[in-house]
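*Asks:* Turn this into a structure:
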Amino acid sequence: MAVLVQFAIGLIFGLGLVASGMSDPAKVLNFLDLGAIPAGTWDASLAFVMAGAVAVTFLGFSRVLKLARPFFAERFHIPTRRDIDPRIVAGPAIFGVGWGLAGFCPGPALTAFGYGSTSAFIFVAAMCAGMVLARFVAQRPSLTRLVAPADPLET
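*Replies:* All right, here's what the predicted structure looks like:
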């Protein structure tokens, strides 16, 4: 049952990406191109998509966290750490640079991958390689001082 619910949620998310045009990297890059503001070609639609996502997330979390426990788990896994470590700075920085260069982030890339987009295929392959590399680096004993514990939600 949990897999079907997760599939439905992913399907709704993917349809939202397609409907908003966010699976098109050119739309994202037009939002990030602030030099296009004077020319009138800047695309602000991504800001509205983000605002909608923040509103839905805010409402969803405020309601879900009032439940005694999640529907498909024994307990909620809420981060308790409040410190800022190098991973919290480096991860979003790498994500932002990749997003700005490629025009993709993981969700839209997987959606565009379904269209057979070559650029999405390259992005998804690089994303998978990056995840494998990150796991490899995190498991190396000589690099343990550079990375946080294996499960940051449990600390």
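*Asks:* Leaving out chain neighbours, which residue sits closest to Tyr115?
*Replies:* Excluding its sequence neighbours, the residue lying closest to Tyr115 (CB to CB, 6 or more residues apart in numbering) is Ser23, at 7.3 Å. All C-beta atoms are positioned from the backbone trio N, CA, C, and that covers glycine.
*Asks:* Quickly note the distance from the spatially most central residue of the chain to Phe7.
*Replies:* The structure's the chain has its C-alpha centroid closest to Pro106; by CA atoms, centre = their mean the separation is 5.7 Å. Separation of Pro106 from Phe7 (CB to CB, to the nearest Å): 17 Å.
*Asks:* same question, Ala68
*Replies:* Going from Ala68 to Phe7 by CB to CB gives 25 Å.
*Asks:* These two: who's more crowded?
*Replies:* Phe7 (10 against 6; other CB atoms under 10 Å).
*Asks:* Give me the neighbour count for Phe123.
*Replies:* When neighbours are counted by other CB under 10 Å, Phe123 registers 25.
*Asks:* Is it part of a helix or strand, or is it coil?
*Replies:* Here Phe123 is helix, with the state taken from DSSP: H, G, I helix; E, B strand; the rest coil.
*Asks:* residues touching it, list them.
*Replies:* Neighbour list for Phe123: Ala102, Phe104, Ala109 [criterion: CB atoms under 8 Å, 6 or more residues apart in numbering].
*Asks:* Could you check the pLDDT of it?
*Replies:* At Phe123, the model reports a pLDDT of 89.
*Asks:* Helix, strand or coil: sort out Phe71 for me.
*Replies:* Look at Phe71: counting by three-state DSSP, its state is coil.
*Asks:* picking that back up, could you check how far the residue nearest to Tyr115 is from Ala36?
*Replies:* 21 Å.
*Asks:* more neighbours, those two?
*Replies:* Neighbours per residue, other CB under 10 Å: of Ser23 and Ala36, the larger number sits with Ser23, 24 against 14.
*Asks:* residue contacts, Gly100?
*Replies:* So Gly100 contacts Leu29, Leu32 (CB under 8 Å, 6+ apart).
*Asks:* How about the one 4 residues further on?
*Replies:* For Phe104, the contacting residues are Pro25, Val28, Gly98, Ala112, Ser119, Ala120, Phe123, taking CB under 8 Å, 6+ apart as the criterion.
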